[in-house]
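Visitor: Sequence plus the predicted model coming up.
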Amino acid sequence: MIKLIAGLGNPGPKYQHTRHNAGFMLLDRYGSQQPMPASWRESNGALLCDGQSRTHKLFLVKPLKFMNLSGVPLRELMDFYKIEPGEILVAYDDIDLPLGSLRLKQGGGDGGHNGIGSIIDELGSREFARIKLGIGRPPRIPNVQAQPEDAVSNWVLGRFTASEQLEVENMLERGCRALDEILENGLISAQNKFNLIKSEPNI
């Protein structure tokens, strides 16, 4: 049973709406769609919102530490509310998925994502659910064998372009429906309906 959904990002207006903040963006969208619109408050180094599934209370969390320290406030909140790693779901950007794609999974490594690495380190567990939000990779520079070292960093910390906005909006809407499906029918059901699907799911 999922009791806490965390969205990852970097705090502050400088990083608002950047690709690396896709997890924040999903939670903002999901919170706004709750029967009682999200009311965020600061707690234990994170923004916290009380939600409600059909069966139980639900916490929405946006850590206010920078990405590579995301696990610190999340662990503090989990300790305070006595929530286990298997009862959380983390939403975050994934550069290895095409823009607009979703992938839901249980457990696994960090895939090079600093926020997920921090959570694994702090919790001492990999066994939490994830929803990955595809942001794609930066375009390759023609006639250059190796990309500049800062190309990926600049890409994830850059904002979505105007031409990407429709894909992003569709992805966030599908992400919200995927969260509802997880809470109502479980992760496997949501995986079958939403994994890597960019068009409308047949539901």
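Guide: Cool, got the structure.
Visitor: ok, L77 to L172 distance?
Guide: To L172, L77 is 24 Å away according to C-beta to C-beta, to the nearest Å. Yep, even glycine has a C-beta here, placed from its N, CA and C like the rest.
Visitor: Same check on R140?
Guide: R140 is 27 Å from L172, by C-beta to C-beta.
Visitor: what do you get for G186?
Guide: For G186, the distance to L172 (C-beta to C-beta) stands at 22 Å.
Visitor: And for I88?
Guide: Using C-beta to C-beta, which is the criterion applied here, I88 is 20 Å from L172.
Visitor: quick one, which of R140 and L172 is more surrounded?
Guide: Here R140 and L172 are set side by side on neighbour count (other C-beta atoms under 10 Å), and the busier one is L172, at 20 against 10.
Visitor: Please look at that one and M25 and confirm they touch.
Guide: Yes: using C-beta atoms under 8 Å, L172 and M25 qualify as a contacting pair, with a distance of 6.1 Å.
Visitor: what's the helix or strand for the closest residue to A46 other than its chain neighbours?
Guide: The shortest distance from A46 to any residue other than its chain neighbours is 4.1 Å, reached at P73 (C-beta to C-beta, 6 or more residues apart in numbering). Here P73 is covered by helix 71-81, with elements defined by DSSP states H and E.
Visitor: Return the set of buried residues in that helix.
Guide: Neighbour counts over helix 71-81 (16 or more other C-beta atoms under 10 Å) mark 71-78 as buried.
Visitor: quick one: contacts of stretch 6-18?
Guide: Judged by C-beta atoms under 8 Å, 6 or more residues apart in numbering, the contacts made with stretch 6-18 from elsewhere in the structure are 20-28, 60-67, 70, 74, 88-93, 115-116, 119, 156-160.
Visitor: er, stretch 116-131 actually
Guide: Stretch 116-131 is touched from outside by 2, 6, 8, 26, 67-72, 74-75, 78, 85-86, 88-92, 102-110, 175, 178-179, 182, 187, with contacts defined as C-beta under 8 Å, 6+ apart.
Visitor: what does the helix or strand containing V61 rub up against?
Guide: Following DSSP H and E, the helix or strand that holds V61 is strand 57-63. Residues from elsewhere that reach strand 57-63 (C-beta under 8 Å, 6+ apart): 2-9, 23-24, 27, 30-31, 38, 40, 45-52, 69-74, 77, 81, 83, 183.
Visitor: got it, and stretch 156-176?
Guide: The set of residues that contact stretch 156-176 without belonging to it, under C-beta under 8 Å, 6+ apart, is 10, 15, 17-20, 22, 25-26, 29-30, 33, 91, 93, 95, 99-102, 131, 133-135, 194, 197-198, 201.
Visitor: for the residue nearest the centre of the chain, what are its contacts?
Guide: The structure's the chain has its C-alpha centroid closest to A91; by C-alpha atoms, centre = their mean the separation is 1.8 Å. With contact taken as C-beta under 8 Å, 6+ apart, A91 is in contact with 5-8, 22-23, 26-27, 130-131, 133, 175.
Visitor: That one looks like it's in a helix, true?
Guide: No: membership of A91 in a helix is not supported by DSSP: H, G, I helix; E, B strand; the rest coil, which gives strand.
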